[in-house]
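In: predicted model and sequence below, questions to follow.
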Amino acid sequence: MRKISMLMILPLFLICWSLQNEAHATHDGTSNDHFKTKYSLNVLTEPNLFYIEGTGLYDDGIYVTTGKAPEEWNGYKFVGWKIDGQWYLYNPATILMDRNHRAIAHYVLEGKTHNVTIDTVPRVGSVLVDGVLYLPTELPLEFKWDEGSTHTISAGDAVSEAGGTRYVFDKWTDLSRDKSRTITIDNDMNIRAVFKTQHYLKIISEYGTAQGSGWYDEGQTASFSISPAEVIDERIEGHRYLFAGWSDGDYLTLPENSITVEKPTTIKANWSEQYLLTLTSLIPEIAVPGSGWYDKGKQVALVSVEEYQSSSADTKYVFDRWVSRGNNPVLITNPQSESASLIMDNAYNVGVEWKKSYYLEIITPYGKATGTGYYQEDTFANISITPTELEIQNDKIRVVFDEFDVGDAVTRIEPDVGNEQNNQKIGVLVDRPMSIVAKWKTQYYLDVNSVQGQASGADWYDRGSMARIDLRAPYTPAGLWARYTFDGWSGDYNGESLNGNVVMNKPKTVKAEWKEDYSPAVMNSSIIAGVGAAGMLVYKRTKRNANGNGNGGFLPWFHHTKNQELPHQSSTKSN
């Protein structure tokens, strides 16, 4: 092991002494140097032989000159100064203190040589050594150089081969990447210039701008792209070219692609020719799907909804047919079907025609209405209602269909055999969305009762109308003992006249009242009493004549003819 000499320790001691003095000058307040930027200079020898002046801290911007290096010292020969790794031509060295610096005086032992080999890998490039060019066929080179001597070596330019392959300098085997460099001989050396293999990647495209062509290291992943991916033909409207993919690479369908370069490669961008198909509708709010770009020669399906209902739900559009529009007529297969097709040989404009229909609504509080639904514009809708009468409360309240309220709509009467109400079934011209109301009348029943005579007026009446009631006196004569006389109306109507008017604001019942008159009984009693007395008198006289006590007597009151015989006389005569 080499012993540490005082010459090796002395530079370190001087550096510490200089730093200590600098610190003292800063803390005693006698100097303003601490307000200035200072940089360090470290002066050494290689190998570490002795001390050379110059090590210390210096203000920014000043020039410092080192001590002069001896040309020879104990068998060592001075080679030169290296300032921060770069050779310096003068002795001593003068250095601008604009940053920290390291100055090394290099020495070599005299008379010692080393073997130096220079070559390339692979052996494809030339080498320039101390100004002399050596071709690949002359490699490898063998030299004996003095220790401490310096030499300049440089690798040659890239070498290209036919077919898109070349070799480019990469680095030296000691990992230096300087193509041209100066070396100092301090031992045996084997230096080789390493060349890397590169292949040419060619990106071609008929349209757009292809990027990524160039030389790539073998095994390197190269990125390439095409832009734009869509190229509009400015000469033909509705015509374009669309990027369809690459002939090679990792991402064949994307505009940005990549590939691992293993050999010279040519990659082509493929394009598809397309035409624009525009699908339109005469109804702005109906969007027809399918508009867009299609490959030339492609069969395109045309699909439409069968019908479309507007947002207000009162208008509906029913598919009619496909029609060709624009400057380029096209043959459409099955144009009257919701599912049609065409061949894209040009840019086409195709429209959809619709039949407009309106919603007709029939509103009715009673019965069942027929005819509600959608009708094609300017056609007649047949509407009707059944039944036309409904009893709400048996024999008291009912509703009766009156008419359809159609406003100003055009109507026509629909013939219906056996239909007494012509307004029960009508035709309405549908030229807009419509709401038709079935109007009904409420009717109340008037019940008219009488135990005597004949009462009239019982029937159904519209609400609020006037009902006429009448009473006829009985035709039969009064009884023997009593008779009946009209005593007025009772119930939902009060009156003393045999007829009257009843306001029908609800179901009503009216009854004719009668009272008994006994004046015939008094008269008939007097008559009967007189007839009885006369009969007794006749009886007595007749009896006396029969017994021979009379002179003749009276004839009975029922004797009418002079020749008529009394019964008892007839009866007696026959005996």
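Out: Structure received. Numbers count the residues shown, from 1 in each chain.
In: which parts of the stretch 301-450 of the chain are strands?
Out: 307-309, 315-325, 339-343, 348-363, 368-370, 373-376, 379-386, 389-393, 397-405, 411-413, 425-430, 434-450 (DSSP state E, counting those that start in this stretch).
In: where do the strands sit along the stretch 151-300 of the chain?
Out: Using DSSP E, counting those that start in this stretch, the strands of the stretch 151-300 of the chain run over 159-161, 165-172, 180-184, 189-205, 209-211, 214-217, 221-227, 230-232, 239-246, 256-260, 265-281, 292-295, 299-303.
In: out of those, nearest to residue 68?
Out: Set against residue 68 and scored by CB to CB, the strands of the stretch 151-300 of the chain come closest in strand 180-184, at 20.9 Å. (Glycine included, C-beta is placed from N, CA and C.)
In: what lies in contact with that closest one?
Out: Under the criterion CB atoms under 8 Å, 6 or more residues apart in numbering, residues 79, 87, 106, 128, 148-155, 172, 189, 191 lie in contact with strand 180-184.
In: please check these and keep the buried ones.
Out: Buried members of these, counted by 16 or more other CB atoms under 10 Å: 79, 106, 148, 151, 153-155, 172, 189, 191.
In: want to throw the residues you listed into TSV with pLDDT?
Out: Output for these, formatted as TSV (pLDDT from 0 to 100):
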residue	pLDDT
79	87
106	91
148	81
151	93
153	95
154	95
155	92
172	94
189	93
191	94
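In: okay, the residues you listed in TSV with distance to residue 72 next?
Out: TSV is the format used below for the buried ones among the contacts of strand 180-184 (distance: CB to CB, whole Å):
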residue	distance to residue 72
79	11
106	13
148	12
151	22
153	28
154	32
155	36
172	32
189	25
191	29
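In: chain neighbours aside, what residue packs nearest to residue 131?
Out: In space, and not counting its chain neighbours, residue 131 is closest to residue 152: 7.3 Å by CB to CB, 6 or more residues apart in numbering.
In: now stretch 269-284: buried residues?
Out: Neighbour-count burial for stretch 269-284, counted by 16+ other CB under 10 Å, picks out 269, 271, 274-281, 283.
In: show the average pLDDT along that stretch.
Out: Stretch 269-284 shows a mean pLDDT of 92 in the predicted model.
In: tell me how many other residues crowd residue 90.
Out: The number of residues packed near residue 90 is 10, by other CB atoms under 10 Å.
In: which residues does the nearest residue to it once chain neighbours are set aside contact?
Out: Closest residue to residue 90 apart from its sequence neighbours, by CB to CB, 6+ apart: residue 81 at 7.5 Å. With contact taken as CB under 8 Å, 6+ apart, residue 81 is in contact with 66, 69, 87-88, 90-93, 103-106.
In: pretty sure residue 119 sits against residue 189.
Out: No: counting by CB atoms under 8 Å, residue 119 sits too far from residue 189 to count as a contact (11.4 Å).
In: hang on, the earlier thing: quick check: the residue nearest to residue 131 vs residue 83, distance?
Out: Applying CB to CB, to the nearest Å, the value for residue 152 to residue 83 is 19 Å.
In: repeat for residue 246
Out: Note on residue 246: its distance to residue 83, by CB to CB, is 54 Å.
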